[in-house]
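Asks: Give the three-dimensional model of this entry:
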Amino acid sequence: MAKGMLFLKNKKFNTGVLTGVVGTLLIMGLVFGITFYKNKDIMNILTGNTHTARSVEKSGDTIISKVKFLMGIIDEQSIYEPNDEDVIEGIYKGIFESLDDDYATYYTKDEYEKFLETATGEYVGIGAYVAMNENGYTYIVSPMKGSPAEKVGLKTGDIFYKIDGKDVTDKGSDEIAAMLKGKEDTKVKVKVARDGEDDYLSFTIVRKKIESITVAHKVLEDNIGYIQVASFDDITVKQFQEALKELQKEKVEGLVIDLRDNPGGNLDVVVEMLDMFLPKDSMIVYTKNKAGQVTSEYKAQSNDFTSIPMCVLINGNSASASEIFAANVKDHKLGKLIGTTTFGKGIVQTVTRLTDGSAIKFTTAKYFTPEGLDIHKKGVEPDIEIELNLDDYRDKKIDSQLNVAVQQLKKD
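Replies: Below is the predicted model of the structure:
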């Protein structure tokens, strides 16, 4: 047993806290080249036509010469050796970090590939949610149902010690998640520390294609259907359709859709889901560019839609695509919104893949509800406002908002 891990034994493990982030409403794109220097102020900076505290040379110097100048200083004086690739990627990232845009970013090729996995909801791995606890160790939040991780016996709370023989106690959750992924049907060996066990437990797991679970459903009392949507990923449409069909087989008389703490996702996904409830040609959402011009309109495409009494649960963490769904329920009078005002993210980001495999993302438009409302920094207000009683929810598992939704549907 490794001495460095002895302190993991015979102790109650802290499982940490998972926190969500406001999602990005995405439009995906592809570009084969970039045109630089359209902005006059940027051109002035790049050509040296500004006064700085430390001027590089004379007017007319390019950004390349300044980078060379700065790298020269670093080479001469820094005790650390710079990595040329990291420097270049840092310059690209700096361009987008300089924008007054919280959602702007530059992705390296590897970062973009990971981003796509998140957006699609599919990847090859062991099928376990991982996170870092307050002590800095990465642990299993939960193995997915039917996943390779569950089948070999990995459990919630297991802390990663080694992966393929390498000590990973100093690695973050992102690094460990990447190590667990790989090609389909390849094997990965993991060694974990488990609460109550005197020695490490070893497992050999065969990687498989994993489908993230973004939708859960069940039948509540009084024959009310319940669907929880955690995010709007590519895989969500299929999972939502399956949940809706199963509830229809049960002949539910009302439907609760839970969008609380849903940070959003893909614009096309929420449009396709709303298409299941709206008559053909119903306006779902439209966008305007920086000039105020309408750039796109999204309307229902099918007349094969479901008509059922509905309530939608929302809160302050329901954002982006969640707000489009909620706004449509309200504007088209599909049902009642219950809970608290949503986050208020009414802007759209475009993701553009570059020819070298990297990608850029930044805000390109505002979106508007079917009634033409701009909800950015305002949110969508509920029809019935009620706070979740956290004490009751934690101690008694009583969901005050869900209970109101069920009572509302019983009235209808």
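Asks: check contacts around Ile386.
Replies: Neighbouring residues of Ile386 by CB atoms under 8 Å, 6 or more residues apart in numbering: 338-340, 400-401, 404. Quick note: C-beta positions are derived from backbone N, CA and C, even for glycine.
Asks: again, 10 Å this time
Replies: 313, 338-340, 400-401, 403-405 (CB atoms under 10 Å, 6 or more residues apart in numbering).
Asks: Tell me how this structure divides into domains.
Replies: 33-115, 122-211, 215-411 (automatic domain parsing).
Asks: So which of those domains is the most surrounded?
Replies: domain 215-411 (a mean of 19; mean count of other CB atoms under 10 Å).
Asks: before we move on, back to that, restricted to strands, list the contacts of Ile386.
Replies: Judged by DSSP state E, the contacts of Ile386 include 313, 338-339 as members of strands.
Asks: which of the residues you listed lies closest to Thr355?
Replies: Leu313 (43.5 Å; CB to CB).
Asks: my read: that closest one touches Phe325, true?
Replies: No: the criterion here is CB atoms under 10 Å, and Leu313 misses it with Phe325 at 11.3 Å.
Asks: Common neighbours of these two, please.
Replies: Shared contacts of Leu313 and Phe325, counting by CB under 10 Å, 6+ apart, come down to 257, 259, 262.
Asks: Next step: these restricted to strands.
Replies: Counting by DSSP E, the part of the shared contacts of Leu313 and Phe325 found in strands is Ile257.
Asks: Output the shared contacts of Leu313 and Phe325 as JSON lines; include the columns pLDDT.
Replies: Shown next, in JSON lines, are those (pLDDT from 0 to 100):
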{"residue": "Ile257", "pLDDT": "99"}
{"residue": "Leu259", "pLDDT": "97"}
{"residue": "Asn262", "pLDDT": "92"}
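Asks: about what we covered before: now, which of the ones in strands among the contacts of Ile386 sits nearest Ala243?
Replies: Out of these, the member with the shortest distance to Ala243 (by CB to CB) is Leu313, at 15.3 Å.
Asks: Next, give me the two most distant ones among the contacts of Ile386.
Replies: Thr340 and Asn403 (15.3 Å).
Asks: got a pLDDT number for Ala216?
Replies: In this model, Ala216 is scored at 95, pLDDT.
Asks: mind listing what Val406 touches?
Replies: Contacts of Val406 (CB under 10 Å, 6+ apart): 220-222, 224, 226, 254, 256, 311, 338, 399.
Asks: Relative to Ala243, how far out is it?
Replies: Separation of Val406 from Ala243 (CB to CB, to the nearest Å): 18 Å.
Asks: and what of Lys345?
Replies: 25 Å.
Asks: which helices and strands does the biggest strand by length in the chain pack with?
Replies: In terms of residue count, the longest strand belonging to the chain (DSSP E) is strand 359-368. On a contact count with 3 or more CB pairs under 10 Å, 6 or more residues apart in numbering; DSSP states H and E, strand 359-368 meets strand 26-30, helix 84-97, strand 105-107, helix 109-120, strand 283-288, strand 294-299, helix 321-331, strand 347-353.
Asks: For the first one, give the mean pLDDT please.
Replies: Mean pLDDT, computed over strand 26-30, is 56.
Asks: likewise stretch 146-153?
Replies: So the average pLDDT for stretch 146-153 ends up being 95.
Asks: Work out the gap between that stretch and the centre of the chain.
Replies: 24 Å (CA atoms, centre = their mean, to the nearest Å).
Asks: again with stretch 330-339
Replies: Centroid displacement of stretch 330-339 relative to its chain, using CA atoms, centre = their mean, is 25 Å.
Asks: average pLDDT across that stretch?
Replies: 98.
Asks: Contacts only, for His332.
Replies: 274, 277-279, 282-284, 300, 369-371.
Asks: Please report how far it lies from Ala405.
Replies: Counting by CB to CB, the gap from His332 to Ala405 is 18 Å.
Asks: what does Asp331 give?
Replies: Here Asp331 is placed at a distance of 19 Å from Ala405 (CB to CB).
Asks: Helix or strand next in line after the helix or strand of the chain with the lowest mean pLDDT, which one?
Replies: In the chain, no helix or strand scores lower on mean pLDDT, DSSP states H and E than helix 40-46, which sits at a mean of 39. Using DSSP states H and E, the helix or strand that follows helix 40-46 in sequence is helix 63-77.
Asks: Would you mind pulling up the elements that that next one packs against?
Replies: By 3+ CB pairs under 10 Å, 6+ apart, helix 63-77 packs against helix 40-46, helix 84-97.
Asks: what about it, average pLDDT?
Replies: 89.
Asks: what do you get for stretch 378-396?
Replies: The model assigns stretch 378-396 a mean pLDDT of 90.
Asks: And that stretch, how far out from the chain middle?
Replies: Per CA atoms, centre = their mean, the centroid offset for stretch 378-396 relative to its chain is 23 Å.
Asks: same deal with stretch 258-270?
Replies: 9 Å.
Asks: Endpoints of that stretch, how far apart?
Replies: Separation of the first and last residues of stretch 258-270 by CA to CA, to the nearest Å is 14 Å.
Asks: same thing with stretch 310-325?
Replies: This stretch, stretch 310-325, spans 12 Å end to end (CA to CA).
Asks: is Phe160 in a bridge, and if so with what?
Replies: Val192 (DSSP bridges).
Asks: Would you confirm that it contacts Val168?
Replies: Yes: Phe160 is within contact range of Val168, at 5.2 Å (criterion: CB under 10 Å).
Asks: what touches both of those two?
Replies: 137-138, 176, 179-180, 190-191.
Asks: Give me the subset of those that lies in helices.
Replies: 176, 179-180 (DSSP state H).
Asks: Reformat those residues as a markdown table; add pLDDT and distance to Leu70.
Replies: Listed next are these as a markdown table, based on pLDDT from 0 to 100; distance: CB to CB, whole Å:
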| residue | pLDDT | distance to Leu70 |
| --- | --- | --- |
| Ile176 | 91 | 35 |
| Met179 | 92 | 35 |
| Leu180 | 95 | 39 |
